[in-house]
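S.K.: build the 3D model from these lines:
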Amino acid sequence: MDIHTLHIEHAVLLGLHTLLTLVNFWLHRGIKGIHWFPVYNLFAFVSAVLIALRGQIPDALSIVLGAVLVNIGYVFLHRCLSEFFGSRSSQWKLQIGLVVFTLIALVQYGVIHPDTKSRLIAYSFMLTAQQMFIAYFVFRNAKGILLISGGLLGLVLAMLGLSNFIRAIGVIFQGAPANYLHGGSLLAWTLLNNSVLQGGVTVAFVWMTAAVLRHDLQVQASTDPLTGLLNRRAIELAAEREIVTSKQNSEPLSAILIDLDAFKQINDTFGHHCGDATLIAVAGNLQRGMRKNDLLARLGGDEFVALLPDTSVDEAVEIAERLRTALEKLEVTYGQIQIDVNASFGIAQVENSIHDWDQLIMSCDKALYSVKSAGGNLVLAQ
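M.R.: Numbering: from 1, shown residues only. Got it, this is the predicted structure:
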């Protein structure tokens, strides 16, 4: 198979990549920066088409424009990843600078004074620099849920850079043919390797978008939509794990059940929108009183629960009292309405008689019932 045929196959593959990334963008338009990725692929595709048409179109289009479009595509790839990671970077200035140097070299050695060897060396080194800089940027920013997929993208980009570096070194020592399209095995191998790796860039980025979407779905499934706290299902799952850990390590585990006093009156008097504003304000107030490892959830209505790992019932009482005092000082403003908030607190600790979440929350509920019977706005441990 000659290198011209490889160019044609390369263009076809990049065309398919562009279609794939357009579909990916259409399906997941809410992801930051994703719209720039098809642009990167489109520039690479048009570049491959122009290079494949060399001999049938002017050299200025094939040699200069066809090559520099790849470099411009990497500027858009960097823009895409900067927005995707939410990271401000001045590297785009460096990327544009590399494109300018590449354009000057291509015009000089492709049109003014044609020299295939010098052109390939300059172009390969500039492309290597672009790819390596972006790979470094990805490695530095790919964390958390993006550690694996982002790490793969960084690795593929680094391998692309290495491939182009090897091409530059090979041309330095082995020379280059007068006609690039009649190049030997080194140029053919580089083109084939780049086709495979550019497909890897697309796969890795699509994987990254899938990782973001999966994380968003997990967050939605575990989050109360009104307050942003954990929901009932999420706290139940977390509690079951914490209870097992507590019993295995013989560490205390406590829970605080919180119920707002006279919340129905707020809804009845001022309406449900005011009630929602109150719940949001209360959730924020309670969250500020939590420690790093504590978990806070909204069970539903005006009922909240705090799960306190490695916390005895006496310590939980102190925490609950601070929360109660903070809520007493809270003033919720809704339009012209000022609302004062009080809450009742029922506390229980995991003991030998408590084996699961249902038993723990039931014990909290008994304490809470006693507080409500006494008039509310109190803290009581079962």
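
S.K.: tell me how the protein divides into domains.
M.R.: Listed by automatic domain parsing, the domain ranges of the chain are 3-222, 232-381.

S.K.: quick one: low-confidence ranges for the stretch 1-150 of the chain?
M.R.: Residues of the stretch 1-150 of the chain meeting the criterion pLDDT under 70: 1-3.

S.K.: and what of the stretch 201-350 of the chain?
M.R.: Judged by pLDDT under 70, no stretch of the stretch 201-350 of the chain qualifies at all.

S.K.: and Asn293, what does it touch?
M.R.: 309-310 (CB atoms under 8 Å, 6 or more residues apart in numbering). Where C-beta positions appear, they are placed from N, C-alpha and C, glycine not excepted.

S.K.: that's a strand at it, yeah?
M.R.: No: the assignment for Asn293, made by DSSP: H, G, I helix; E, B strand; the rest coil, is coil rather than a strand.

S.K.: for it, give its distance to Ala306.
M.R.: Here Asn293 is placed at a distance of 11 Å from Ala306 (CB to CB, to the nearest Å).

S.K.: now swap in Leu155 and tell me
M.R.: According to CB to CB, Leu155 and Ala306 sit 43 Å apart.

S.K.: the two: who's more crowded?
M.R.: Neighbours were counted for Leu155 and for Ala306 using other CB atoms under 10 Å; Ala306 has more, 28 against 16.

S.K.: can you tell me the closest non-neighbouring residue to that one?
M.R.: For Ala306, ignoring the flanking residues on the chain, the nearest one in space by CB to CB, 6 or more residues apart in numbering is Ile256 at 4.3 Å.

S.K.: got it, and Thr18?
M.R.: Nearest non-adjacent residue to Thr18, counting by CB to CB, 6+ apart: Asn41, 4.2 Å away.

S.K.: what of Gly289?
M.R.: In space, Gly289 is closest to Leu323, 4.8 Å off (CB to CB, 6+ apart).

S.K.: for stretch 353-366, buried residues please.
M.R.: Neighbour-count burial for stretch 353-366, with 16 or more other CB atoms under 10 Å as criterion, is recorded at 354, 357, 360-361, 363-365.

S.K.: looking at the residues you listed, spot the one nearest Leu13.
M.R.: Closest approach between the buried residues of stretch 353-366 and Leu13, by CB to CB: Trp357, at 52.9 Å.

S.K.: can you pull the contacts of that closest one?
M.R.: By CB under 8 Å, 6+ apart, the residues touching Trp357 are 236, 239-240, 243.

S.K.: one step back: which one of the buried residues of stretch 353-366 is nearest to Phe37?
M.R.: Closest to Phe37 out of the buried residues of stretch 353-366 is Trp357 (43.5 Å), distances taken as CB to CB.

S.K.: need the contact list for the closest residue to the closest one other than its chain neighbours.
M.R.: Distances taken as CB to CB, 6+ apart place Ala239 nearest to Trp357, at 4.2 Å, with adjacent residues excluded. Contacts here follow CB under 8 Å, 6+ apart; on that basis Ala239 touches 255, 295, 307, 357, 360.

S.K.: now the two most distant members of these.
M.R.: Within the contacts of Ala239, Leu295 and Leu360 form the most distant pair, 12.9 Å apart (CB to CB).

S.K.: how far away is Ser89 from Arg140?
M.R.: 9 Å.

S.K.: neighbour-wise, which of those two wins?
M.R.: Shown here are Ser89 and Arg140; by other CB under 10 Å, Ser89 has more neighbours (17 against 13).

S.K.: secondary structure class of that one, three-state.
M.R.: coil.

S.K.: quick one: it from Ile31, how far?
M.R.: Look at Ser89 and Ile31: by CB to CB, they are 18 Å apart.

S.K.: with Ile243 instead?
M.R.: For Ile243, the distance to Ile31 - CB to CB - is 37 Å.

S.K.: out of the two, which sits in the busier spot?
M.R.: More neighbours surround Ile243 than the other of Ile243 and Ile31, with 21 against 18 (other CB under 10 Å).

S.K.: ok, Glu242 touching Leu253?
M.R.: Yes: between Glu242 and Leu253 there is a contact at 5.7 Å, judged by CB atoms under 8 Å.

S.K.: so for these two, which sits in the more crowded spot?
M.R.: Leu253 (26 against 23).

S.K.: how about residues contacting stretch 218-232?
M.R.: So stretch 218-232 is contacted by 233-234, 238, 276, 279-280, 283-284, 287, 295-300, 304 (CB under 8 Å, 6+ apart).

S.K.: end to end, how far does it reach?
M.R.: For stretch 218-232, the separation between the terminal residues is 14 Å (CA to CA, to the nearest Å).

S.K.: chain center to that stretch: distance?
M.R.: Mean-position distance between stretch 218-232 and its chain equals 18 Å (CA atoms, centre = their mean, to the nearest Å).

S.K.: can you give me the helices in this protein?
M.R.: 3-27, 36-52, 59, 66-85, 91-107, 116-141, 147-174, 185-222, 232-249, 263-270, 272-288, 313-329, 357-373 (DSSP state H).

S.K.: now do the contacts for Leu153.
M.R.: For Leu153, the contact set (CB under 8 Å, 6+ apart) comprises 138, 142, 201, 204-205, 208.

S.K.: just checking, Lys117 touches Ala176?
M.R.: Yes: in this structure, Lys117 is within contact of Ala176 by CB under 8 Å, at 4.3 Å.

S.K.: between those two, which one's more packed in?
M.R.: Taking other CB under 10 Å, Lys117 and Ala176 do not tie; Ala176 has more neighbours (21 against 15).

S.K.: right, and the more buried one touches Ala122 too?
M.R.: No: judged on CB under 8 Å, Ala176 makes no contact with Ala122 at a distance of 11.8 Å.

S.K.: could the helices of the chain be laid out in TSV, adding distance to Ala343?
M.R.: Listed next are the helices of the chain as TSV, based on distance: least, CB to CB, whole Å:
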stretch	distance to Ala343
helix 3-27	44
helix 36-52	48
helix 59	78
helix 66-85	40
helix 91-107	51
helix 116-141	42
helix 147-174	40
helix 185-222	24
helix 232-249	18
helix 263-270	9
helix 272-288	8
helix 313-329	5
helix 357-373	9
